[in-house]
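1. Here's a sequence, model it:
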Amino acid sequence: MAFYSIMTNSYQRGDTTGAVAKSSDRSESILRGVRRGRRFGRISIKRFSICFLLLAAVFSIYMVAFGLKVLFHGEKEVDISSSTEVQQKAFGMDIVKQTKSKKHYPCKIAFAKSVEYILEPKDYLNFTKFSLEYIDEEEKHSTKVPYKPRFAGHQTIEEREKSFWATNQTLHCGFVKGPGYPSSGYDLDEKDKIFMNSCVVVVSSCIFGSSDFLRRPTSKQISEYSKKNVCFVMFLDKQTLPKLSLEGHIPDESGHIGLWRVVIVRNLPYEDMRRTGKVPKFLAHRLFPSSRYSIWLDSKMRLNTDPMVIIEYFLWQTGSEYAISNHYDRHCVSEEVLQNKRLNKYNHSAIDEQFAFYQSDGLSECDLSDIHTPLPSYVPEGSFIIRAHTPMSNLFSCLWFNEVDHFTSRDQLSFAYTYLKLRRMNPSRHFFLNMFKDCERRALVKLFRHREDLSPPVAA
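-> Below is the predicted model of the structure:
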């Protein structure tokens with residue numbers, strides 16, 4: 001019995017020890033499984049993170065390559081903001097639908113092969129004749145209100161209405177001094193004034209407030225004749241010049257950066273840099289009083305075509321005194337109003353006030369299907385303008401500038417109104433305006449985007 005008890009106890013202890021050992025083995029096996037699971041989980045998370053980052057990178061590259069504008073000469077340009085809007089009434093609410101952005105291309109132009117093959121037509125400048133003088137200094141209209149000088153002056157409603165007559169007159173056209181005030185803005189050095197007064201043909205642009213990069217004309221596309229006889233003038237303010245110098249654009253001893261003759265503007269007439277830019281854009285005949293022709297191009301463009309060839313094609317061949325392209329996407333002022341408000345280009349109330357005033361003064365909705373429509377488009381692409389400095393061209397430029405001064409700085413809103421009112425008030429005095437295709441504008445220049453966090457372009 002004692003032996004049995006001892007054997008029984010031994011077997012019981014052995015069973016217990018074996019159970020503990022087996023339990024320990026199972027625990028270790030479970031722990032190893034858990035650890036492998038954790039390692040597998042960590043590896044899976046890492047792999048998932050890597051895959052996600054790779055997909056994000058590929059998507060970003062795709063968006064950069066195809067989602068933004070492609071602005072290459074001779075290739076497509078996709079305008080993100082050019083999508084047309086269709087307004088519909090649904091459940092008492094306005095629903096705005098955006099159509100897919102259109103692609104715009106340059107077209108081929110049969111330019112003269114060389115400036116040696118072109119000649120100004122005889123009696124070309126024999127357009128409508130009358131004399132224009134400009135108000136240099138004005139008197140105070142009221143002693144009750146404190147006088148403050150304005151670059152465009154203080155034009156009354158009566159003076160504004162009379163200024164549209166194509167007849168001998170003295171009108172407001174910028175550079176107006178007040179009594180006791182030596183200047184109202186846009187001051188230039190005397191040496192620059194002397195140089196500008198010698199120019200007969202001018203290509204000009206401007207950069208104010210460091211708003212853009214400097215883009216030099218493509219020198220190899222400009223003839224030796226034009227390099228010697230055409231003035232290429234870039235207007236800058238003191239804020240812009242140092243930034244351009246840091247980017248490698250430093251004027252030489254003669255004040256040139258490439259073909260551009262740099263002219264520094266002091267005492268800018270407006271706080272709004274966009275509005276200040278309208279001075280050289282519209283008032284070339286005031287800045288260059290001896291000039292016969294001028295070409296304006298926006299700072300987002302690089303000129304790729306000889307200026308004399310441009311003048312020959314758009315003015316001399318067509319018998320025009322003013323040339324500007326139609327807008328690439330919008331053709332009615334109402335469309336331009338909607339687009340400016342949608343993109344918050346200007347105060348909405350100011351835009352509505354301007355448009356309402358124009359409608360009350362005869363601006364009607366455009367009908368491009370009408371073969372008798374006075375313009376192929378009521379909205380221009382105003383970044384490129386070719387002008388002969390004739391009386392009618394100069395008057396139109398003054399009138400357009402005054403509208404930009406009085407209302408919003410969005411000059412595309414005031415173009416059609418100014419042209420149609422000038423035409424309506426002078427039915428027997430023709431203004432020969434050539435509104436050419438946007439694809440032709442794209443063939444003249446290389447298009448870029450404005451500065452806005454982009455890298456500087458390579459100088460040509």
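
2. what's near enough to touch residue 127?
-> Neighbour list for residue 127: 321, 388, 390, 391, 392, 430, 432 [criterion: CB atoms under 8 Å, 6 or more residues apart in numbering]. Every C-beta, even on glycine, is put in place using the N, C-alpha and C of the backbone.

3. Now rank the residues you listed by neighbours and give me the top one.
-> Each of these was scored by neighbour count (other CB atoms under 10 Å); the top score is that of residue 321, with 26 neighbours.

4. all helices for this structure, in order.
-> Under the criterion DSSP state H, the chain contains helices at 2-62, 157-162, 190-197, 224-229, 240-246, 273-276, 278-282, 284-287, 307-311, 333-342, 348-360, 391-406, 415-425, 438-444.

5. Inside strands: which ones of the contacts of residue 127?
-> Per DSSP state E, strands hold the following members of the contacts of residue 127: residue 388.

6. quick one: low-confidence ranges for the stretch 101-250 of the chain?
-> 101, 141-144 (pLDDT under 70).

7. one more time with 80
-> 101-102, 140-146 (pLDDT under 80).

8. What segments of it are strands?
-> Assigned by DSSP state E, counting those that start in this stretch, the stretch 101-250 of the chain shows strands spanning 103-104, 132-134, 169-171, 201-207, 230-237.

9. Mind listing residues that contact the fourth one?
-> Residues from elsewhere that reach strand 201-207, judged by CB under 8 Å, 6+ apart: 214, 217, 226, 229-236, 240, 244, 260, 265, 277, 280-281, 284, 287-288, 291-299, 301, 303, 307-308, 311.

10. and it with helix 190-197, angle?
-> If you take axes from the mean of the first three to the mean of the last three CA atoms, to 10 degrees, strand 201-207 sits at 130 degrees to helix 190-197.

11. relative to strand 230-237, how tilted is strand 201-207?
-> 20 degrees.

12. Could you measure from the nearest residue to residue 129 once chain neighbours are set aside over to residue 365?
-> Leaving aside its chain neighbours, residue 129 sits nearest to residue 391 (6.4 Å; criterion: CB to CB, 6 or more residues apart in numbering). Distance check for residue 391 against residue 365: by CB to CB, to the nearest Å, it reads 31 Å.

13. Residue 323 now?
-> 25 Å.

14. go on, residue 110?
-> Taking CB to CB, one finds residue 110 at 35 Å from residue 365.

15. if you count what's nearby, which of the two comes out ahead?
-> Using other CB under 10 Å, the more surrounded residue of residue 110 and residue 365 is residue 365, with 10 against 7.

16. Can you give me the neighbour number for residue 162?
-> 14.

17. wait, doesn't it sit right on residue 172?
-> No. Judged on CB atoms under 8 Å, residue 162 makes no contact with residue 172 at a distance of 10.6 Å.

18. follow-up on the earlier one: report the buried members of the contacts of strand 201-207.
-> Buried members of the contacts of strand 201-207, counted by 16 or more other CB atoms under 10 Å: 214, 217, 226, 230-236, 240, 244, 260, 265, 277, 280-281, 284, 287-288, 291-299, 301, 303, 307-308, 311.

19. quick one: the residue nearest to residue 129 and residue 133 touch, right?
-> No. Using CB under 8 Å, residue 391 is not in contact with residue 133, being 11.2 Å away.

20. List the buried residues in stretch 160-177.
-> For stretch 160-177, a neighbour-count test (16+ other CB under 10 Å) marks 163, 164, 166, 169, 171, 172, 173, 174, 175, 176, 177 as buried.

21. Next, give me the two most distant ones among those.
-> 166 and 177 (26.2 Å; CB to CB).

22. Quick check: residue 361 vs residue 53, distance?
-> Distance, residue 361 to residue 53, using CB to CB: 59 Å.

23. Which strand residues bridge residue 133?
-> residue 170 (DSSP bridges).
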